[in-house]
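J.: Have a look; sequence and predicted model below, questions after that.
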Amino acid sequence: MKGFLAKRFTNPKWWFSQLKALLLITVVVTAIGLYQQRNMVSGSAPEQITYTVSGERYDLSEQYKQGPMLVYFWGSWCGICSLTSPAVSDIAESVAGTGSSVLTVALSSGDDRDVQAYLDKHNYGFTTLNDPSGEISRRWGVAITPSIFYLNPKGEIVLVSSGLSSEWGMRIKLWLAGFL
């Protein structure tokens, strides 16, 4: 067995085949991501940027002027979101008071009480807009959850991602949004 592994790992043809496979996977994953994001808005954040959160007015432009912002679209019914949301919650708690901010949008997840019960059950510490009809999501061009937009302090969408994201990947993109 030892000789077999040594022969394989020292064989340039084996490494080349592994590199080709990795390249193919990267191309396919990138193509799928670009296809999923094809209708998402770019440039400036959508014009209607004032929403109501728990009966209080929330002005998105006041938030992103303070620093970079992560806007996360999710659903309580979304399996991938259940893996991404804890990381978004950790980021929201860690950037509080730093100038950076996190806003989430619950897409088609029930009424305000349903969304709040879900947030409480999972102990999520992020500000959430409820979007039961999908109106906010349509304005942003969101067709898949999770979708994440990164805004710079000018309110420009500088990065977009969809699907599973790591906490460190989101942190790096939020940090980069402050410079782009």
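T.: Nice, I can see it.
J.: contacts and neighbour counts: CA atoms only from here.
T.: Fine.
J.: Give the phi and psi angles for the spatially closest residue to residue 159 that is not a sequence neighbour, as a check.
T.: Here the nearest residue to residue 159 in space, its sequence neighbours aside, is residue 150; by C-alpha to C-alpha, 6 or more residues apart in numbering that works out to 5.1 Å. With angles defined as degrees, to the nearest 10, residue 150 sits at phi -120, psi 120.
J.: swap in the one 10 residues further on?
T.: In terms of degrees, to the nearest 10, the main-chain angles of residue 160 are phi -140, psi 140.
J.: So the nearest residue to it once chain neighbours are set aside, which state does it fall into?
T.: Take residue 160 and drop its neighbours on the chain: the residue closest to it by C-alpha to C-alpha, 6+ apart is residue 149, 4.6 Å away. Under DSSP: H, G, I helix; E, B strand; the rest coil, residue 149 falls in the strand class.
J.: Geometrically speaking, which residue is the centre of this structure?
T.: By C-alpha atoms, centre = their mean, the mean C-alpha position of the chain lies nearest to residue 148, the distance being 2.7 Å.
J.: So for that one, what's the pLDDT?
T.: pLDDT recorded at residue 148 is 94.
J.: ok, which stretches of the chain are strands?
T.: Residue ranges of the strands in the chain, as given by DSSP state E, are 43-44, 50-53, 56-59, 69-74, 101-107, 127-131, 147-151, 156-162.
J.: can you tell which of those strands is closest to residue 171?
T.: When the strands of the chain are compared by C-alpha to C-alpha, strand 69-74 sits nearest residue 171, at 9.2 Å.
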